[in-house]
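S.K.: I'd like to go over a predicted model; first the sequence, then the structure.
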Amino acid sequence: MAVRVRIPTPLQRLTQGKEEVEGAPGKVIEMVNDLDSKFPGIGERISENGKIRRFVNIYVNDEDIRFLNAEETVVKDGDEVSIVPAIAGGTTAGEAG
């Protein structure tokens with residue numbers, strides 16, 4: 001059994017169109033590095049200098065890693081990881097479109 005990693009649509013071109021891939025157990029940053037070895041280019045879009053990029057959210061079993069141990073959060077066999085790019089834009093309340 002491995003870690004199930006859900007890949008967001010913009011990154012699926014790097015995973016041959018797969019919505020879900022297998023990741024290695026260990027720390028989140030190690031899992032990202034493992035994914036990069038399997039799917040070159042994905043790592044640089046998720047992390048930089050050993051840290052998860054500011055506008056990328058990662059959830060382990062629906063828990064935001066920012067409220068756990070960030071990149072040091074440990075994932076184990078059977079865990080589900082979701083990579084979610086932050087979405088910006090739109091209008092603020094009261095702003096006419």
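M.R.: Cool, the structure landed.
S.K.: does the residue most central in space within the chain count as helix, strand or coil?
M.R.: With distances taken as C-alpha atoms, centre = their mean, the chain has I83 as the residue nearest its mean C-alpha position (2.8 Å). Three-state call for I83 (DSSP: H, G, I helix; E, B strand; the rest coil): strand.
S.K.: residues near I87, how many?
M.R.: Using other C-beta atoms under 10 Å, I87 has 8 neighbouring residues. C-beta coordinates here come from the backbone N, C-alpha and C atoms, glycine included.
S.K.: P8 versus that one, what's the distance?
M.R.: I87 sits 10 Å away from P8, taking C-beta to C-beta, to the nearest Å as the criterion.
S.K.: which pLDDT value goes with the closest residue to R4 other than its chain neighbours?
M.R.: Excluding the flanking residues, the one nearest R4 by C-beta to C-beta, 6 or more residues apart in numbering is E80, at 4.8 Å. At E80, the model reports a pLDDT of 98.
S.K.: how about A24: what's its closest non-neighbour residue?
M.R.: Here the residue nearest A24, using C-beta to C-beta, 6+ apart, is D34, at 4.0 Å.
S.K.: isn't that neighbour up against P25?
M.R.: No. The pair D34 and P25 fails to qualify as a contact (C-beta atoms under 8 Å) at a distance of 9.4 Å.
S.K.: A helix includes L35, no?
M.R.: Yes. Counting by three-state DSSP, L35 is found in a helix.
S.K.: what count of nearby residues applies to it?
M.R.: Neighbour count for L35, taken as other C-beta under 10 Å: 26.
S.K.: show the pLDDT at the closest residue to it other than its chain neighbours.
M.R.: Setting aside the residues directly before and after it, L35 is nearest to I42 in space (C-beta to C-beta, 6+ apart), at 5.3 Å. pLDDT, I42: 96.
S.K.: can you check N69 too?
M.R.: On the pLDDT scale, N69 gets 96.
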